[in-house]
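Visitor: let's see this in three dimensions:
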Amino acid sequence: MAYYRDLREHVETLEQAGLLTRIKRPINKDTEMHPLVRWQFRGLDESQRRAFYFEHVVDSGGRRYDIPVLIGGLAASQKIYALGLRCDGKEVEELWTQALQKPVPPALVKDGPVKEVIYKGENLQACGGLAELPVPISTPGFDNAPYFTAGCWITKDPETGIQNMAVYRGQIKGPLKTGISWGSLKNSAVHWEKCKRLGRPLEAALVIGGPPCIVYAAVQTVPFGVDELGIAGGLARAPIEVVRCETADLVVPAHAEIVIEGRIPTDYLEPDGPFGESHGYEDPGDLTGVFEVRCITHRSRPIFVSMVSQLTPSESSKVKQSAFETFALTHLRQKVGESVLKVGLYEELLNRQMMVIQMRKQRSDDPWRAMEGLLKTRAAAKIMICVDPDIDPYDLLAVNWAIANRSQPHRDVKIVPDRPLPWNPLRYVADGERYDFTDSALMIDATLKASFPPIALPRKEYMEKARAIWEELGLPKLTPRNPWHGYSLGYWPEEDAVQAERATSGHYDQNAELLASKGVKVTKDERFVDLKQVFLTEELEALKKENSKKG
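Guide: Down below sits the predicted model:
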């Protein structure tokens, strides 16, 4: 099945799948729109979340907009995200792995739908500039302005000519002016620094709408110098068609809904914010770049796209989860090997706050090689935990069980006080009456350090038979959670296996005879604790001999 040519095909697919809600009544973009969509993230299970398509948009001043707004259409849920990739949910990791390993460069075309309407020069002033666009207020009551939240900013490295595309927030500051808030380590900030040294402004284009893979690629963490449009092409399984900008030396997706062209002065900064950020707090603001609009192009009847961000879970956190997980997994497999099975991030913890690495370790130091290797990348999380293959990285109870039962704090926990690439999502972390700008990481090796006895649950065949009886009796529907059956973790002598078989076949009297044959006479001077220690030592020695025979 061919990938979507534009956003409209994706919207049609969502509607056919019953995942789109059209809102025809008037909705105020400044006070009602984001709160309405936000409710599904605070009051519904993920499986019930939908995309919202607002057809009658107004603002607090009474203005009605001709442009509809789509929110939740990119990643309100994992199902919607998978539809955005036009794949089954099980294929997401494979698609991302392919896109990261084999990007597909964009294809330049002469013209595209995004050029159906062009405003520049006097026409730009006459149309009202950015005032034409129904940009919502994300956190009414706290945010200080409408913000672009799903726009993909494109800039170019002045030395290499390689473009970068990323999603940054952008405050509306006037009909021809926005902010652009990037971190000091972001690629566009590097481009800005280079242009500053050259004494010229940085050209930029803000892309809104288009095939969903555009945004999916723009939020990904990739090495400096990789064009995210190529990553988008990898996700689309075909080149993304691009056209040249009208007023900037950049190329943009030809099938985007809206493109805003302009430049960012490199001799001037100003603050923006407050704005609700994905770490769940209102960001009080920071010095940011200023984007001066020089041209707006769009389709004849464009769709504006916004994302719910702020406190997780949100559309913003969901759109990043699979991308970040696959990037970390790909990096770990390159550095540590195929022993790394899965990387789990927690959307509700901002993805980058906690990472669980599932591995079948080949060497005792594999967990530390993995976690310490990630510290040197932007994929690192604040808390990183390594677990064995039998621990589901998405099951917090199972992960905490592994920490409690497979690690010792004095031996298996490390704290790194200054991360090589600091990434502090709060920027200000309360520490008593101070605010701490530094960052740190916690690493836990919660993998088995030696063979262990079996998980104390009935073996799989007995649990499966019992479940069949459960269902036959019409008892409440089960939702199995791992582990739901017992299995060996290496410490299981043949003699113990034989005893278990005898027990289930009704011959446990033979086991009683066996244990009686191993009884120990106790003198009045011998202590129970000493005798027990001798017994356990002999048992362990026997186990070591048995394991050595098995190789």
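Visitor: can you list contacts of the one helix or strand residue 404 maps to?
Guide: Taking DSSP states H and E as the criterion, residue 404 maps to helix 396-406. Applying Cβ atoms under 8 Å, 6 or more residues apart in numbering, the contact partners of helix 396-406 are 346, 356, 385, 387-388, 391-393, 444, 446-449, 481-483. All C-beta atoms are positioned from the backbone trio N, CA, C, and that covers glycine.
Visitor: most neighbours of all those residues, which one?
Guide: For the contacts of helix 396-406, the largest neighbour count, defined by other Cβ atoms under 10 Å, is 29 neighbours, found at residue 387.
Visitor: contact partners for that one?
Guide: Per Cβ under 8 Å, 6+ apart, neighbours of residue 387: 356, 357, 358, 359, 393, 398, 399, 402, 406, 446, 447.
Visitor: report the two of the residues you listed separated the most.
Guide: 359 and 398 (14.9 Å; Cβ to Cβ).
Visitor: give me the neighbour count for residue 237.
Guide: Counted with other Cβ under 10 Å, residue 237 comes out at 17.
Visitor: ok, now which ones touch it?
Guide: Residues counted as contacts of residue 237 (Cβ under 8 Å, 6+ apart) are 3, 104.
Visitor: tell me how far it lies from residue 114.
Guide: Distance, residue 237 to residue 114, by Cβ to Cβ, to the nearest Å: 22 Å.
Visitor: strands of the stretch 151-300 of the chain, residue ranges please.
Guide: Along the stretch 151-300 of the chain, counting by DSSP state E, counting those that start in this stretch, strands occupy 152-156, 163-167, 170-174, 177-180, 202-208, 241-244, 251-253, 258-264, 270-272, 275-276, 282-283, 286-298.
Visitor: among those strands, which comes closest to residue 308?
Guide: strand 275-276 (10.0 Å).
Visitor: and that closest one, what does it pack onto?
Guide: strand 282-283 (3 or more Cβ pairs under 8 Å, 6 or more residues apart in numbering; DSSP states H and E).
Visitor: please identify the pairing partners of the strand it packs on and their relative orientation?
Guide: Strand 282-283 has the following sheet partners, assigned by DSSP bridges: strand 275-276 (antiparallel).
Visitor: got the contact list for the partner strand?
Guide: Contacts for strand 275-276 (Cβ under 8 Å, 6+ apart): 138-139, 142-144, 147, 169, 171, 181, 282-283, 285, 309-311.
Visitor: residue 178 and residue 291 touch, don't they?
Guide: Yes: using Cβ atoms under 8 Å, residue 178 is in contact with residue 291, at 4.6 Å.
Visitor: neighbour count for these two, which is higher?
Guide: Just comparing residue 178 and residue 291: by other Cβ under 10 Å the higher neighbour count belongs to residue 178, 30 against 27.
Visitor: what's across from that one in the sheet?
Guide: Assessed by DSSP bridges, residue 178 has beta-bridge partners residue 172, residue 291.
Visitor: can you tell me how far it is from residue 292?
Guide: Distance of residue 178 to residue 292, computed by Cβ to Cβ: 9 Å.
Visitor: so what's the closest residue to residue 225 other than its chain neighbours up against?
Guide: Once flanking residues are discounted, residue 225 sits nearest to residue 162: 5.6 Å by Cβ to Cβ, 6 or more residues apart in numbering. Counting by Cβ under 8 Å, 6+ apart, residue 162 makes contact with 156, 225, 226, 227.
Visitor: scan the residues you listed and report the most crowded one.
Guide: residue 156 (23 neighbours).
Visitor: which residues touch the spatially closest residue to residue 201 that is not a sequence neighbour?
Guide: Excluding the flanking residues, the one nearest residue 201 by Cβ to Cβ, 6+ apart is residue 263, at 4.2 Å. Residues near residue 263 by Cβ under 8 Å, 6+ apart: 201, 202, 203, 204, 248, 291, 292, 294.
Visitor: what about the second one, distance to residue 243?
Guide: Residue 202 sits 20 Å away from residue 243, taking Cβ to Cβ as the criterion.
Visitor: tell me which element residue 325 is part of?
Guide: Per DSSP H and E: helix 315-335 holds residue 325.
Visitor: quick check: angle from that helix to strand 163-167?
Guide: Here helix 315-335 runs at an angle of 130 degrees relative to strand 163-167 (axes from the mean of the first three to the mean of the last three Cα atoms, to 10 degrees).
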